[in-house]
Each structure stands twice: as C-alpha cells, then as structure tokens.
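1. give the three-dimensional model of this entry:
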Amino acid sequence: MTHHNHPLLSVRGLSVGLSDVDGRSAHVLEDVDLTVAASESVGLVGESGSGKSVLARTVLGLHPRTTHITAQGGISFAGNELLGLTPRAHRQTLGTDVSMIFQDPSSSLNPVVRVGAQILEATHRRQSSAHQRRALLTGLLESVGLTDVERIARAYPSELSGGQRQRVGIAAALAGAPRLLMADEPTTALDVSVQRTILDLLDQLRHERSLAMIHVTHDLALLSGRSDRIIVLYAGRVMEDGPTPQVLTQPAHPYTRALMEMRPRLRRPQPLPLPQIRGDLPRLDQPRTGCPFAPRCALADTRCHSERPPTTPVPESTLGHVAACWRTVEAAALAVPLREPAGRSHP
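-> From the prediction side, this is the model:
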C-alpha cells in the first residue's frame with residue numbers, strides 16, 4: 001500500500017462478503033488496502049472474479065438489492081468515513097464527489113429517458129434557470145467530443161452509437177463535478193476502433209479537470225502511460241502495489257508476471273494457443289489459506305500453500321512498491337523490461 005499524508009480516498013483492511021436470497025455466500029474481498037491521492041490515476045487490475053468491480057461498488061455504496069453485504073474495515077473519502085453508513089447516508093456523504101463510468105453504456109443509461117435529462121440529473125438542484133441548464137448540458141456534451149449536441153440531448157440512448165452512448169455516460173459522470181472518477185472497464189462493450197479514442201478522452205479530461213481516477217481493468221498494458229500506480233488484485237487480495245513503470249517492467253509478484261506474459265505481442269505473429277494462466281481462481285464460497293495464487297504458481301512451495309504472505313517492500317525497488325509474496329526475490333529476478341517501447345499501448 002502506498003501511503004499519502006492526506007489521501008482523497010482511503011480503503012483500510014476492507015473485507016467484503018456477499019450472500020444472496022438462497023443463502024449462498026462468497027468471500028469477495030479480504031483485507032484490501034488502497035489509497036488514491038487528489039489528481040492521482042490508479043489502475044486496479046485483475047482477472048474477472050478478482051473483486052475489482054465489487055471494490056469499486058463498495059466505495060460507492062452500490063450493490064444489488066437482492067444481495068446482502070457484510071463489510072469490515074474502513075473506507076473514507078476526503079476524511080469522511082463511509083463504511084457502516086446506510087445506503088442513503090452513504091450517498092449523501094459522497095454527494096457528487098465520486099462518479100462511475102460503467103462497462104456497458106446501454107445498461108447504465110435509462111432507455112426511456114432522453115439523454116439530456118439523464119446528464120443533468122446530478123445537477124438539477126444547482127442550476128436555477130433553464131438557460132444555465134442548457135449551457136451546462138452543451139458544455140458537457142462538447143467536452144466529451146460530441147457534435148450536433150442539440151440532437152443528441154433530445155435523443156434516447158437507443159438512437160446513438162455505442163461510442164456516442166459511452167461519451168454520454170462520461171458526460172453524465174462529469175455533470176456533478178466529481179473529484180474522483182471510477183472507470184469500470186469503460187471500453188469493454190466498444191469496437192476496438194473506438195476504444196483508444198475513449199481512453200484518450202478520459203486521460204484528457206482527467207488532466208483538464210485535475211480529477212483523481214481509478215481505472216478498473218483486466219489489461220495491464222492499457223495502463224501504460226495512463227496511470228501513476230497499479231494495484232493488482234487476485235481473489236479479493238492485493239498482490240502488488242507500486243508505481244506503474246516499476247510494476248510493468250519489473251513485476252514482483254508471480255501473478256503480475258503471469259498477467260504480463262499473457263499480453264498479446266502486436267509487433268509479431270502470436271503463436272497458438274494463446275498464452276493463459278493455468279488453473280482457475282479459487283472458489284469464493286470457501287475461506288482461503290496461504291496465498292490464493294499458490295495453486296497456479298510455478299514458484300509456490302509448502303509455505304505458500306499454508307501461510308498467508310504479508311505485504312512487504314520489494315527489495316531494491318522504487319519506494320512504494322510492495323508485494324504480498326513469500327518468493328518476491330525470486331519473482332522479481334524473473335522479471336525483464338518490456339520488449340516494446342514505453343508509452344501508451346493499443347487496446
């Protein structure tokens with residue numbers, strides 16, 4: 001965990017369990033520590049089922065009504081404690097300071113409400129006149145690169161393309177002037193040709209508005225040049241946390257290393273079968289002992305299976321680079337710099 005004197009967001013020892021109406025339960029997050037400073041960009045990385053989206057939704061206080069949540073630890077935003085509040089008090093405390101951009105713009109937008117009304121929903125109490133509301137709406141739509149804004153404002157989501165809907169979703173997330181923007185795999189439902197454009201737009205808006213941002217993704221390469229730090233999550237635990245250049249070029253945890261090796265190489269043909277991490281994520285309905293990645297790790301020994309590794313600084317690494325691994329020294333020794341030039345990669 002990277003420490004800041006006054007983090008905007010602080011997650012401390014967060015453990016989250018979920019259970020449904022049928023009584024089935026899952027241990028989703030375990031002792032997660034995370035901080036985000038003002039204007040900082042943090043990448044939250046892991047496979048599907050690692051707990052990334054649950055972490056983001058727990059910060060926001062958003063969970064399905066049919067799911068019972070048990071949470072321990074702490075979550076504070078701008079010094080205000082959130083964990084333990086009722087959903088209504090949670091939303092009131094956060095206000096519009098934290099917004100989320102969801103994976104699928106089709107599911108996050110109301111299909112029977114015009115786009116303009118949805119964007120202005122977060123600010124209707126702040127704008128006292130119709131002229132102010134129109135000016136705000138026009139400015140938001142133009143800020144996300146949309147043209148013909150009057151037509152788009154009157155349109156229903158189904159009348160727009162996927163890229164346009166995601167831009168509308170971003171505009172809606174910005175409408176309340178948030179201090180922290182959470183992007184939950186915002187390009188997953190988009191064509192490859194549109195993905196980089198949306199990611200570049202988010203980067204531009206973050207710098208223009210001095211926003212803090214959490215990129216939730218399964219793709220480490222996507223974060224190159226777009227984040228200050230990377231936090232790697234596996235089976236609900238933080239495996240590694242460090243400055244982006246360090247994590248991408250000298251990963252200290254075998255899981256991070258495995259994610260890097262799965263990355264397609266665009267500059268040469270990729271032989272089949274495509275690389276993948278052997279084995280599966282551990283079952284979430286059973287408590288875990290030792291390191292959760294041990295059954296899939298080539299370096300694992302008896303201790304890895306029986307004792308949970310503490311989070312410790314990576315030897316001879318950049319200040320703030322930590323990993324939860326008994327074999328950090330060996331894992332770091334395996335790492336080599338990226339074989340492609342530094343900078344943003346194509347999604």
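2. ok, then the element right after the helix ranked longest in the chain?
-> Using DSSP state H to define each element, the chain has its longest helix at helix 192-209. Counting by DSSP states H and E, the next helix or strand C-terminal to helix 192-209 is strand 212-217.
3. can you list contacts of that following strand?
-> 8-9, 36-45, 52-53, 56, 179-185, 202, 206, 222-223, 226-227 (CB atoms under 8 Å, 6 or more residues apart in numbering). (C-beta placed from N, C-alpha, C; glycine too.)
4. what's the angle from it to helix 192-209?
-> Per axes from the mean of the first three to the mean of the last three CA atoms, to 10 degrees, the angle that strand 212-217 makes with helix 192-209 is 160 degrees.
5. show me where the stretch 201-347 of the chain has its helices.
-> Secondary structure of the stretch 201-347 of the chain (DSSP state H, counting those that start in this stretch): helices at 244-249, 254-261, 302-306, 328-334.
6. could you pull out the strands for the chain?
-> 9-19, 25-36, 41-45, 68-77, 80-81, 98-101, 180-184, 212-217, 229-234, 237-243, 311-313, 322-324 (DSSP state E).
7. if we can go back for a sec, so which bits of the longest helix of the chain are buried?
-> Across helix 192-209, burial judged by 16 or more other CB atoms under 10 Å covers V194, Q195, R196, I198, L199, L201, L202, D203, L205, R206.
8. list every C-alpha atom in it, with coordinates, as CSV.
-> Extracted in CSV, the C-alpha atoms of helix 192-209 (Å, rounded to 0.1, in the frame of the first residue of the first chain):
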residue,chain,number,x,y,z
VAL,A,192,-11.6,-1.8,-31.0
SER,A,193,-11.5,1.3,-33.3
VAL,A,194,-13.3,3.3,-30.6
GLN,A,195,-11.6,2.0,-27.5
ARG,A,196,-8.4,4.1,-27.7
THR,A,197,-10.4,7.2,-28.5
ILE,A,198,-12.4,6.9,-25.3
LEU,A,199,-9.3,6.1,-23.2
ASP,A,200,-7.5,9.2,-24.6
LEU,A,201,-10.6,11.3,-23.9
LEU,A,202,-10.6,10.1,-20.2
ASP,A,203,-6.9,11.0,-20.0
GLN,A,204,-7.5,14.4,-21.4
LEU,A,205,-10.5,15.1,-19.1
ARG,A,206,-8.6,13.9,-16.0
HIS,A,207,-5.7,16.4,-16.7
GLU,A,208,-8.0,19.3,-17.6
ARG,A,209,-10.2,18.9,-14.5
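9. ok, S15 touching L29?
-> Yes. With contact defined as CB atoms under 8 Å, S15 and L29 form a contacting pair (5.7 Å).
10. of those two, which one has the most company?
-> Per other CB atoms under 10 Å, whichever of S15 and L29 has more neighbours is L29, with 26 against 16.
11. which residues does the more buried one contact?
-> Taking CB under 8 Å, 6+ apart, one finds L14, S15, V16, G51, V54, L55, T58, G236, R237 in contact with L29.
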